Each structure stands twice: as structure tokens, then as C-alpha cells.
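Enquirer: Give the three-dimensional model of this entry:
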Amino acid sequence: MIGIYLNLSINLKIPSIPNDIGDAGTGIVKITTSIIRGVNMLCPKSLLRPSVVVFFLGVFLCLLVYSSTAFSAEGNGNAIDMLQLSMGLLGGLALFLAGLDQLSEGLKKAAGDALRTLLSKMTTNRFLGAITGAFVTAILNSSSVTTVLVVSFITAGVMTLAQSVGVIMGANIGSTMTAQLLAFNIASYALLPIAMGFFMTFVGKRENVRHVGMMLMGLGLVFFGMGIMSEAMVPLRTYEPFMDFLQKMERPLFGILAGAVFTGLVQSSAATVGIAIAMATEGLLSLEAGIGLALGANIGTCVTALLAAMGKPVEAVRASIVHVLFNILGVVIWLPFLGVLADLATAVSPVKEGIEGAARVVNDIPRQIANANTLFNIINTVVFIGFAGVFAKIAEKIIPDRKEKEGVIIEPKYLNEEVLDVPSIALEQVRQEFGRMGEITCSMLDQLPKAALNKSMEHVDRIVKLDDKVDILEAAIFQFLGRIRQQPLTKEESKTHQDLMTATVSLENLADLVETELADLVKKFITRGQQVSDTTQQVFQDLYKEVCESVQLAVESVQNNDQNAAMAVLNKKGTVTELAESLMTYEAKGLGHDQAIALEMARVEISLIDKMSRAYTHARKIAKITVPPAIIDKE
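Expert: Alright, predicted model coming up:
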């Protein structure tokens, strides 16, 4: 990674702007290409390709170069080196975004699973949901990941859309924590956490040490990028066209529009607010203009939510609609009261004693912008939290339930590629899809007695169709697990990954056993028209009941990571063995008959008992995945 940064820095060392416009264009193309290469390597997981964003910024810079050359030709004393400025801004932005990505990655790996559990358990009411959403987003440094988690919980039935509204509102508050961090302005110390983080990441042997190293290194890069952008903007203090542009930013609508557009491009509200704070640090931005940019960033981040929801389940689209409605409505309501928001931010912000004039403005405004952004989202949440149900109903009305796709047998419901960079969450989604696959397998077992007792080939055909669904889901789960394997996993995540692969294979084998061997035996009962004796039927029903309960409990043990359910499966071993042996003893007597029909019937029934015992064996294999190793050793 350090090599990437050095390569980026070396490629960007161009001393001054060429006088010839053609040379300037060539230079800007080289710079843009270098930045594209660096940003793509540093931020490979952006929703929009960074190269596309940088390309359009490069085109914009070409126009700046042209205007700068024109100013130089006219002998304007205020002309500045636009090439150096663009290098500082774009290079600093690249490092800033890379640092955010690194910081977020470390936080996700260190606390992703715990935060997922917290979010699923602490959303019993909208107020607690808002607090939890704020906390989780502040830790994960990503409101989009929080939204994806919420969508998976809605889909799984863990929470309703109305409950999720509180979490989404809270996520907006949590997303402002990055701006609060940036307002400390410790860019001069940024290299210290970078060095410490690098050492911990590449030398540390324990995973938690490496994760902390990733966080420190990311945090350092964030401040380092901020420092580069801040230094690059120093010449703008005397650049009249830019100062005229900033004068326009005093108009609320203009500032909001600029913030929304830029955030929509870079897909990061933190980047927009970070640049606003960097500009304020250099005395280039007033509090009112900074607030306008921050509010615009809240609208621009809705683009991320909408893009993430495209092609996703209805629940995901509705959650994004709630996000959009909340942010836009909040900005519209605050428009007449931006002065009040500025006064509130000033009142709650600390004041450094002993400095006056411009120095005081430079020192105070960055914190005031960060506080205004946080106050905006907190007050909006407090005001709108009581209307969570209304937001949910509006979203449901805008996005009605979709009709099932015609000609599609089944599709994965819980597997979402947006969370692949958070393996702990992605593995949890595999558990949910596994549970869905298990429900279908249990439905296949449920069709067996209906087919046998009613002598219905229709139920046998249903078993075959249900097995096709199991096969499709198994293939989807394996493909998703393969994508997860491409991510860096902790030891615990690697074990969970392997366990889920084993469980999926065992469940698919169980479904194949039902679809091929058990269904074929039921067909023989139906076609030959033989009646099972009352004694055999009673004992077989008891065995069938125990096996079905075992399969259901085994699926629940994996889906919910429930050790008690897994132990219940293992504890059924004695009962299942006893029932199977009892049936075998009874059927052995049937083998003594001279009648060919009775002999053949006994053979079929013995085979049926064997298949049911094998089904229980598959259930045990699935359940053992969740059981602690100490218990397995006693088996």
C-alpha cells in the first residue's frame, strides 16, 4: 500500500503549469491517469467507479487550466498554479477516501458481528432503534451498511418497516461522527497514526491487533488527506474568481445544490463535509456556506441509498425511499431557519480563548460546521421519529409489492452483494438463506406421508419440484460463499464459512435422498397398492416424526446459531435408533413369509426404514456444526 502512495506521489510531481495550452492538456491527462490508477487501487469498493468520477473532475480541471492560462496571458497578478492546486485537491481527496475505506474496513472486521447482533436485538421500539442505528453507523462509519442490515432484518421478519425507520433516522446521526472527528484538525500529527497503523497491520500476529492497525492507518490517512487539501487551497485566498464563487455559496440553495452534486459524485457525505471543514480551516468558507454544503451532503447521500436499492427486494427500495424522504424533507423544513441553526451551532461550540479576528474565525468555524451537521440530524430525528409509521406507509404506497417473476422457479432472498466487504454480515445472510433452503426440505419430507396414505402421485411430483428449488438455492449459496472467500477473513469467520459449506452440502444431500430414494419407495407403495399393517404404520409414524423434528431443529440450529436446538437433535439418537431397530425386528418376521408379495413388501419397508435413518444422520451432521467441540468429543 505504501508503494501505491509513493507511486502516486512520484507520478504527480509536476512543478508548474505549462504556458502552452496543449502542453497543459497533456499534463492534466497524465495527472488524471495517475490519480485514476491510484484511486482505483485504494478505493476498489465504491458504488460508482472512482475512475469515472476522476475523469469528469479531470475534464473540469482542463477548463480550469485553460482559464488559468488565460489569466496568466493577461498578466493578472492573482493567477495561481491550477495544476498544483488540482494535484493537492485530487490527491488529498484520494487519500481521504482511501483512509475512510481503510478505517471502515478495520471497524467492520473488529466489530461487525457484534454490531449486527446489537442492531437485531435493540430495535424493539423506534426510539431505541434510532439510538442503536446512530451507534452502529458511528462505529461502522457507513450508513449504507446499516441500511443493508436493516433490509435483511425486514426481509427475515425480525423487524417491521416502521421499526426500521427509527434505525435509518439514527444512522443519519451516526454518519455525522466522521465530521466531528475531522473538526479536531490534527493533520499535523497524521503521520503518527499512519506509521503506528502500518506497523500493527503488517507486523502484528493477532487479528485484533491488525484490525486496530487498519483503523489507525485509515484514521491517519483521513487527516493526512485533509491536510493536503487544506494546504492546496491556501492560494485560493487571493484568487478573485474563487472568492466570487464562495460569495455565491452564501446563498443557501446554491450551497445545498453544490453539496448535493459533489456528494452524489464521490458517494461520500463525509468527503463533502470534510472539504467544507478544510476550506473553513483556511478561512475560505463562512459558517452559513458550510452549513449549506453539509445539508446538501445529506441530500446527495440519498443517491447512494437509491443506487444500492436498484434491483434489490422491495424492502430495500422502501428503506431507501424512507431515507430520501427523511433527508429531503428535513432540508426543506430547515431552509427558512438556517440562521437559527447557525446560532445553535455557535452556541454549543467551544470557543478558544486568547485569539481574535480572522484567527478566531478559522479556529471556530470548522467545529461549528460539524456541530451544525450533527444538530440538523438530531433535531430532525427527534421531530420525525413520531411519524415513523407515516414514513413507512408512504414508502409502501410509493413502492407496492412486486408480482413474482413469471418463469422463475426461485431466487435467493437474503443474499446481498452490498455486504460482501463485511464478511460477518454476509455469512449471517447465508444462514438466513440456508434456513429458507431448510424450510423447503422440510416441506419435501411433509409430502411423503401425504403421498403414501392418499396414494397420490401429485404429492410425489411436488417433492421433485421442491428439490429443484433446493438445488437452485444451494448453487446460489455456494456462489455467494465463494465471493465471501475472496475477502480477508478472520479465523472465526473462516470456520463459520467452512461450517456453512458443510451444512449446505449435507442439507442438499438430504433433499436428494428425499427426492430420489424415499420418493421412489413411496411410488412403489402407490403402484403396488399394498396396505401397510397398523403396527408398522404406527411405529413408522413415530420414526418419521422424530426424523422430521430432527431436520427442522438442525436447520434452526444453523440458521439461528442455536446450540440448544443442535443438542436436541443429537439427543434424539437413542429414540431414533430404538424405533428403527423395533421396525427392523418386526419387518424381519415378514421375510419369513412364503408369499412373494409379502416378501417384497417387507423389503420395501426395510429400505424405507434405512432411508429415514440416513436422513437423521444428515440432520445430525448439520447439527454438529453448531455444537461446541467439547460436546462432540464425547460423542
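
Enquirer: what about Ala280, which helix or strand?
Expert: helix 269-281 (DSSP states H and E).

Enquirer: Please export the C-alpha coordinates of that helix as PDB.
Expert: Provided in PDB are the C-alpha atoms of helix 269-281 (Å, rounded to 0.1, in the frame of the first residue of the first chain):
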ATOM      1  CA  SER A 269     -21.100  12.800   2.500                       C
ATOM      2  CA  ALA A 270     -18.100  12.700   4.800                       C
ATOM      3  CA  ALA A 271     -15.900  13.800   1.900                       C
ATOM      4  CA  THR A 272     -18.100  16.800   1.200                       C
ATOM      5  CA  VAL A 273     -18.300  17.900   4.900                       C
ATOM      6  CA  GLY A 274     -14.500  17.200   5.200                       C
ATOM      7  CA  ILE A 275     -13.700  19.500   2.300                       C
ATOM      8  CA  ALA A 276     -16.000  22.200   3.800                       C
ATOM      9  CA  ILE A 277     -14.100  21.900   7.100                       C
ATOM     10  CA  ALA A 278     -10.800  22.000   5.200                       C
ATOM     11  CA  MET A 279     -11.900  25.200   3.500                       C
ATOM     12  CA  ALA A 280     -13.100  26.700   6.700                       C
ATOM     13  CA  THR A 281      -9.800  25.900   8.300                       C
END
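
Enquirer: show me where pLDDT drops low in the stretch 501-635 of the chain?
Expert: For the stretch 501-635 of the chain, residues meeting the criterion pLDDT under 70 lie at 528-537, 539, 586-602, 630, 632-635.

Enquirer: if we go to 90?
Expert: 515-545, 560-562, 574-613, 627-635 (pLDDT under 90).

Enquirer: so where do the helices sit in it?
Expert: Ranges of helices in the stretch 501-635 of the chain, per DSSP state H, counting those that start in this stretch, are 519-528, 534-559, 563-571, 573-590, 596-623, 629-634.

Enquirer: mind listing what Lys611 touches?
Expert: Leu513, Glu517, Leu518, Leu521 (C-beta atoms under 8 Å, 6 or more residues apart in numbering). No exception for glycine: its C-beta is placed from N, CA and C like everyone else's.

Enquirer: Identify the residues contacting stretch 485-492?
Expert: Lys109, Glu207, Leu420, Asp421, Pro423, Ala426, His497.

Enquirer: Next step: the residues you listed restricted to helices.
Expert: Using DSSP state H, Lys109, Glu207, Pro423, Ala426, His497 are the members of these that sit in helices.

Enquirer: among the residues you listed, who's most crowded?
Expert: Pro423 (26 neighbours; other C-beta atoms under 10 Å).

Enquirer: can the ones in helices among the contacts of stretch 485-492 go into a markdown table with extra columns for distance to Met437 and pLDDT?
Expert: Output for the ones in helices among the contacts of stretch 485-492, formatted as a markdown table (distance: C-beta to C-beta, whole Å; pLDDT from 0 to 100):
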| residue | distance to Met437 | pLDDT |
| --- | --- | --- |
| Lys109 | 28 | 68 |
| Glu207 | 30 | 75 |
| Pro423 | 20 | 82 |
| Ala426 | 16 | 85 |
| His497 | 17 | 93 |
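
Enquirer: and which of these is nearest Met177?
Expert: Nearest to Met177, judged by C-beta to C-beta, of those is Lys109 at 18.7 Å.

Enquirer: gap between Leu216 and Val422?
Expert: 20 Å (C-beta to C-beta, to the nearest Å).

Enquirer: Turn the contacts of Lys611 into a markdown table, including neighbour count.
Expert: Converted to a markdown table, those look like this (neighbours: other C-beta atoms under 10 Å):
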| residue | neighbour count |
| --- | --- |
| Leu513 | 21 |
| Glu517 | 16 |
| Leu518 | 25 |
| Leu521 | 19 |
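
Enquirer: what would those look like in TSV with distance to Arg318?
Expert: Conversion of the contacts of Lys611 to TSV gives the following (distance: C-beta to C-beta, whole Å):
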residue	distance to Arg318
Leu513	40
Glu517	44
Leu518	41
Leu521	46
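
Enquirer: who's in contact with Ile194?
Expert: Here Ile194 is in contact with Leu216, Met217, Gly220, Leu221, Phe224 (criterion: C-beta under 8 Å, 6+ apart).

Enquirer: I'd like to know which of those is nearest to Thr346.
Expert: Phe224 (29.2 Å).

Enquirer: Settle this for me: that closest one is touching Tyr189, isn't it.
Expert: No: here Phe224 does not reach Tyr189: they are 9.7 Å apart, not a contact under C-beta atoms under 8 Å.

Enquirer: Compare neighbour counts for those two and give me the winner.
Expert: When Phe224 and Tyr189 are compared for neighbours, Phe224 comes out ahead with 23 against 13, by other C-beta under 10 Å.

Enquirer: ok so, going back, give me the buried subset of the contacts of Ile194.
Expert: The neighbour-count criterion (16 or more other C-beta atoms under 10 Å) marks Leu216, Met217, Gly220, Leu221, Phe224 among those as buried.

Enquirer: could I get the residues you listed as CSV with pLDDT?
Expert: Shown next, in CSV, are these (pLDDT from 0 to 100):
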residue, pLDDT
Leu216, 85
Met217, 87
Gly220, 85
Leu221, 86
Phe224, 84
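
Enquirer: Nearest to Thr263 among these?
Expert: Once C-beta to C-beta is applied, the member of these that ends up nearest Thr263 is Leu221, at 20.0 Å.

Enquirer: Show the contacting residues for that closest one.
Expert: Counting by C-beta under 8 Å, 6+ apart, Leu221 has contacts Leu95, Phe96, Ala98, Gly99, Gln102, Leu103, Ala190, Ile194.

Enquirer: And the buried ones among those residues, selectable in PyMOL?
Expert: To isolate the buried members of the contacts of Leu221 in PyMOL, using 16+ other C-beta under 10 Å:
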select buried, resi 95+96+98+99+102+103+190+194
